[in-house]
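Asker: sequence plus predicted model, see below.
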Amino acid sequence: MYIHFIEGSAPPPLTLSSPAGTATAGATPASGGATVSGRSGDAADGTWNVSSGSVAGYRVNEVLFGQSNTAVGRTSSISGSITVSGTSVTAGAFTVDLASVTSDQSRRDAQFNGRIMDTATYPTATFTLIEPIDFGSIPARGTERTLEVTGRLTLHGVTRAVTFEVTGRYTGSAIQVAGSIPITFGDWSIPNPSFGPVSTEDHGVLEFELDFLPA
């Protein structure tokens, strides 16, 4: 009763937000639809910074008193950038403030920050691109493409190479990407998240939806 009628359904997986609207000349940059001063709307070359409105977090399946539930925690405290040259993303690095991740349950958050992720010792998660992302040609505005990404992910003090898919969209004034990275907890020396009456799977996903504006 509590899970299905009081706690409610978990938020859906992160995906691309609605396409950005038309920018107004001289407008203040904002997530998802910004004015790009001095830059051609079809030329994405340069550095693009993570902007407000970006979200990252975790999604883990758990069982409470025999009932299935999905635990979701999220934060908007994200920094980083990508570098675009021609038809490739040549560099990229991101940092997520894990101590700011929250879910709909304070007890779960206490476990996450303490025993599970030990955010006092490991306060951030970082990702660094190690292979260029070649998208072949500059996409038409609003077109979505799904591409493979390879980089190094650091969680809980452990760094491992990961390869996963992202879906991206270039609006002419912003770049938007969304995706998820499968995480097997033992690979990053993360303790089993199960506690009390809650048992979890030994894996989950790190999901994200990032909006970029020109530096």
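Answerer: Yes, it's here. All values reported here derive from a predicted model rather than from experimental measurement.

Asker: need the contact list for Ile190.
Answerer: Ile116, Met117, Leu155, His156, Ile183 (CB atoms under 8 Å, 6 or more residues apart in numbering). Backbone N, C-alpha and C define where each C-beta goes, glycine included.

Asker: show me which of the residues you listed is closest to Gly142.
Answerer: Ile183 (31.3 Å; CB to CB).

Asker: off-centre distance for the helix or strand of the chain with the lowest mean pLDDT?
Answerer: In the chain, the helix or strand scored least confidently by mean pLDDT, DSSP states H and E is strand 198-200, which has a mean of 87. Taking the mean of its C-alpha atoms, strand 198-200 sits 24 Å from the chain's own mean (CA atoms, centre = their mean, to the nearest Å).

Asker: and what of stretch 146-161?
Answerer: When C-alpha coordinates are averaged (CA atoms, centre = their mean), stretch 146-161 and its chain have centres 12 Å apart.

Asker: what average pLDDT does it get?
Answerer: Average pLDDT, stretch 146-161: 97.

Asker: buried residues in that stretch?
Answerer: Of the residues in stretch 146-161, those with enough neighbours to count as buried (16 or more other CB atoms under 10 Å) are Val149, Gly151, Leu153, Thr154, Leu155, His156.

Asker: wait, which of the contacts of Ile190 is closest to Thr143?
Answerer: Looking at the contacts of Ile190 and their distance to Thr143, the nearest is Ile183, at 29.7 Å (CB to CB).

Asker: quick one, what contacts that closest one?
Answerer: Under the criterion of CB under 8 Å, 6+ apart, the contact list for Ile183 reads Tyr58, Leu155, Ile190, His203, Gly204, Val205, Leu206.
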